[in-house]
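Novice: Show me how the following folds:
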Amino acid sequence: MEYKVSSGDIILYENDLELDDVLDTGQAFRWNKIGDNHYVGASLDTPLEIMGTGGEFILKNTDEETFLKVWAGYFDLGTDYSELRNEYSKDPTLRSACEFSGGIRLLRQDSWEALVSFIFSSNNNITRIKGIISRLSEHYGHFPTPKEIAVESPESLGYLRSGFRAGYILDAAGKVASGEVDLENVRKTDYEAAKKELMRIKGVGPKVADCVLLSGFGKTEAFPVDVWMKRVLETYYPDGFPEAFYGTRGIAQLYLFNYIRKKGKGE
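Specialist: Down below sits the predicted model:
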């Protein structure tokens, strides 16, 4: 990771990153595109404006402490994505996916924010999810804690216009606030036990649990499977996904998901 502080901004030099690949592909729902390679968003209550392409990025109005404490981890700057792509390229399908979206990387989000976001993602589209989460944050003036949401009701959450998902969020908030589901324990335990724990929450099935474990807990063996990934597995991996990539198959999934989704749309 190479960066410098310049007039209250951070200038980041990172070759394996493209903003359109990571901020506008359904990994996180707090980002809005305001120009070419130019986004505004947040992680919990820390806002950011970021722009750039081709290996040079400007993080606006961000001090060095915040960059190192929040954004270096969020953008997974400690992982060598060139080496990962070299490994994935031993597989022909993954090689094509990596060539198609070379700027993809895992956004390592706050665990509670990821849980809330992906519960709202159930049978939903990116635009609507962004709207729900924006209304939630605006209502409280920050991203609400489990305890703040736990005292709500389906009626008091009506402003979210989230439908049946309001009940799921209330269940998640209640269980996390009470300690019935301990997010720190989820972080510390192994993948299978962590997945089982999250699935105790209403509305958290296998796919949502894997999304949360990957994005919110950094468990890179988590492998979310939706309609697009089912198509990938059926078409390219009828005998199963390569075991050699099991430990980071969640990151591999990001490349494959973007590849098959855009290829399927003719992009």
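Novice: What residues of the helix or strand residue 82 falls within count as buried?
Specialist: Per DSSP states H and E, residue 82 falls inside helix 81-88. With burial defined by 16 or more other CB atoms under 10 Å, the residues of helix 81-88 counted as buried are 81, 84-85, 88. Any C-beta I mention is one placed from the backbone N, CA and C, and that applies to glycine too.
Novice: and what of stretch 187-194?
Specialist: 189, 191, 194.
Novice: What is the longest strand anywhere in the chain packed up against?
Specialist: Longest strand of the chain, by residue count under DSSP state E: strand 46-53. Judged by 3 or more CB pairs under 8 Å, 6 or more residues apart in numbering; DSSP states H and E, strand 46-53 is in contact with helix 19-23, strand 38-43, strand 56-60.
Novice: For residue 251, find the nearest of those.
Specialist: helix 19-23 (11.6 Å; CB to CB).
Novice: Walk me through which strands the longest strand of the chain pairs with, and which way each runs.
Specialist: If you go by DSSP bridges, strand 46-53 pairs up with strand 38-43 (antiparallel), strand 56-60 (antiparallel).
Novice: now the buried residues of stretch 187-194 in JSON lines, with secondary structure, pLDDT and distance to residue 168?
Specialist: Listed next are the buried residues of stretch 187-194 as JSON lines, based on DSSP: H, G, I helix; E, B strand; the rest coil; pLDDT from 0 to 100; distance: CB to CB, whole Å:
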{"residue": "189", "secondary structure": "coil", "pLDDT": "97", "distance to residue 168": "22"}
{"residue": "191", "secondary structure": "helix", "pLDDT": "97", "distance to residue 168": "22"}
{"residue": "194", "secondary structure": "helix", "pLDDT": "98", "distance to residue 168": "19"}
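Novice: With residue 33 as the reference, measure out to the closest residue to residue 32 other than its chain neighbours.
Specialist: Leaving aside its sequence neighbours, residue 32 sits nearest to residue 40 (CB to CB, 6 or more residues apart in numbering; 5.6 Å). Going from residue 40 to residue 33 by CB to CB, to the nearest Å gives 9 Å.
Novice: can you check residue 247 too?
Specialist: 32 Å.
Novice: Pull the distance from stretch 120-129 to the chain's centre.
Specialist: How far stretch 120-129 lies from its chain's middle: 13 Å, per CA atoms, centre = their mean, to the nearest Å.
Novice: Go through it and flag the buried ones.
Specialist: 120-122, 124, 129.
Novice: Identify the farthest-apart pair in those.
Specialist: With distance counted by CB to CB, no two of the buried residues of stretch 120-129 lie farther apart than 122 and 129, which are 9.4 Å apart.
Novice: Okay, domains of the chain per the record?
Specialist: Domain ranges of the chain: 2-78, 111-217, per automatic domain parsing.
Novice: so of those, which one's packed in deepest?
Specialist: Greatest average neighbour count among those goes to domain 111-217 (a mean of 18), per mean count of other CB atoms under 10 Å.
Novice: what about that domain, start to end distance?
Specialist: Terminal residues of domain 111-217 lie 6 Å apart, using CA to CA, to the nearest Å.
Novice: returning to that earlier point: check contacts around the residue nearest to residue 32.
Specialist: Contact analysis of residue 40 by CB atoms under 8 Å, 6 or more residues apart in numbering lists 31-32, 34, 47-50.
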